[in-house]
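Peer 1: please work out how this folds:
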Amino acid sequence: MFSFIRKTSPLADGHHPASDSTPTSIRRMPQDEPLPSSNCVLLVDDEPHVLAVGKAVLAGQGFEVVCAASGELALELIQHARSRGSRYPVIVLDLTMPGGASGFEVLSQIQDLDPDVPVIACSGYFQEDARDLCRGIGFYDILQKPYNLDTLCTAVRRALVRAGNSPTPEPDFSSAPDAKQMSPVHYF
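Peer 2: Below you'll find the model as predicted:
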């Protein structure tokens, strides 16, 4: 099951390319979401194209993907799952989301709700010394944008193993183009 949650649409036609022609003005509420499976990734980012590409990449590798366009929506989804005895086994969280809670603030609240869930931080603004800080405050892994399919899927698989879930089989990237040759659709 794939979901896309977005408060507003930057597109004039009221549709978002990742939403299978569902108007983005209709917001699915957390109580409408099915419970996450053991192979589910909660992808949190304020940029619609990052959510669309991340969803496509992860779904193409066999993961169930639920997207949230803000930290607040992600927290609602996590609370809903927890209230029904379930959880998201791994969360990929953007650190910089203007207009709402930062990834650091969201991580703190996630840790209060589910201290054992591995949370992968991602941002286009990392400095090397920030990696140690992120790990020190509780992020499981750190990805710098743009990242490729292999980097994202490997980080998610490692997090699923840590969470005690069986990840999907490792893909064979031997026939994939070199990262320098990959089209922009593989990066975000």
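
Peer 1: in the helix or strand harbouring V65, what's buried?
Peer 2: Taking DSSP states H and E as the definition, one finds V65 inside strand 64-68. Using 16 or more other Cβ atoms under 10 Å as the test for burial, strand 64-68 gives 64-68. (C-beta placed from N, C-alpha, C; glycine too.)

Peer 1: from the contact counts, what lies against it?
Peer 2: On a contact count with 3 or more Cβ pairs under 8 Å, 6 or more residues apart in numbering; DSSP states H and E, strand 64-68 meets strand 40-44, helix 48-60, helix 71-83.

Peer 1: what lies in contact with the first one?
Peer 2: Counting by Cβ atoms under 8 Å, 6 or more residues apart in numbering, the neighbours of strand 40-44 from elsewhere in the structure are 36, 51, 54-55, 58, 63-68, 70-71, 73-74, 77-78, 88-94, 97, 103, 106, 156.

Peer 1: restrict the residues you listed to the buried ones and give me that as a PyMOL selection.
Peer 2: Those of the contacts of strand 40-44 that count as buried under 16+ other Cβ under 10 Å are selected in PyMOL with:
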select buried, resi 36+51+54+55+58+63+64+65+66+67+68+70+71+73+74+77+78+88+89+90+91+92+93+94+97+103+106+156
